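Asks: let me see the structure of the following:
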Amino acid sequence: MTDVTTQLATEFERAAQARVKKNEGQARVCARRAAGIAIRDYLTRRGMSVHSTSAYDLLNLLKEDSPLPPDLKLVADHLTLRVTEEFKLPVEADLVAEARLLCDWLLTN
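Replies: The predicted structure is shown next:
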């Protein structure tokens, strides 16, 4: 468990550093990677073999096949949104904060 916790802390620290540098795109990448780490751990603890290392694939798998509360399914949706041509999200969302909520839920369930 500590390894997962350490990996998550590292990704969220990278996201914070990216925001300090005004690099929101990199912060979103870190948020998605953190979610992927937590999803992989969650699925593995449930006895599922996880074949993909892609956070995007894992988020889609989680949306389809898990008992996520509706608010967290929305978080997973946000984390898989494509950015616009201006590199902005098409919705108002703080993916780093949302990823933290999702990761917290996944680690405790």
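Asks: shaky segments in the protein?
Replies: Counting by pLDDT under 70, the low-confidence segments of the chain come to 1-2, 66.
Asks: show the residue spans covered by the helices in the protein.
Replies: 2-20, 24-45, 55-65, 70-79, 95-108 (DSSP state H).
Asks: distance to E85 and mean neighbour count for those helices - can I get that in TSV?
Replies: Bear in mind the C-beta positions are built from the backbone N, C-alpha and C, glycine included. As requested, the helices of the chain are exported to TSV (distance: least, CB to CB, whole Å; neighbours: other CB atoms under 10 Å):
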stretch	distance to E85	mean neighbour count
helix 2-20	21	15
helix 24-45	13	21
helix 55-65	19	18
helix 70-79	19	18
helix 95-108	18	19
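Asks: OK, contacts around the residue most central in space within the chain?
Replies: Taking CA atoms, centre = their mean, the centroid of the chain lies closest to A35, which sits 2.4 Å from it. Contacts here follow CB atoms under 8 Å, 6 or more residues apart in numbering; on that basis A35 touches A55, L58, L59, A76, L79, A99, L102, C103.
Asks: ok, N109 next?
Replies: By CB under 8 Å, 6+ apart, the residues touching N109 are Y42.
Asks: if we can go back for a sec, as JSON lines, the helices of the chain with distance to E86 would be great.
Replies: Listed next are the helices of the chain as JSON lines, based on distance: least, CB to CB, whole Å:
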{"stretch": "helix 2-20", "distance to E86": "18"}
{"stretch": "helix 24-45", "distance to E86": "11"}
{"stretch": "helix 55-65", "distance to E86": "21"}
{"stretch": "helix 70-79", "distance to E86": "17"}
{"stretch": "helix 95-108", "distance to E86": "16"}
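Asks: F87 is nearest to which of the ones you listed?
Replies: Checking these against F87 by CB to CB gives helix 24-45 as the closest, at 5.8 Å.
Asks: between the closest one and helix 55-65, how many degrees?
Replies: 50 degrees (axes from the mean of the first three to the mean of the last three CA atoms, to 10 degrees).
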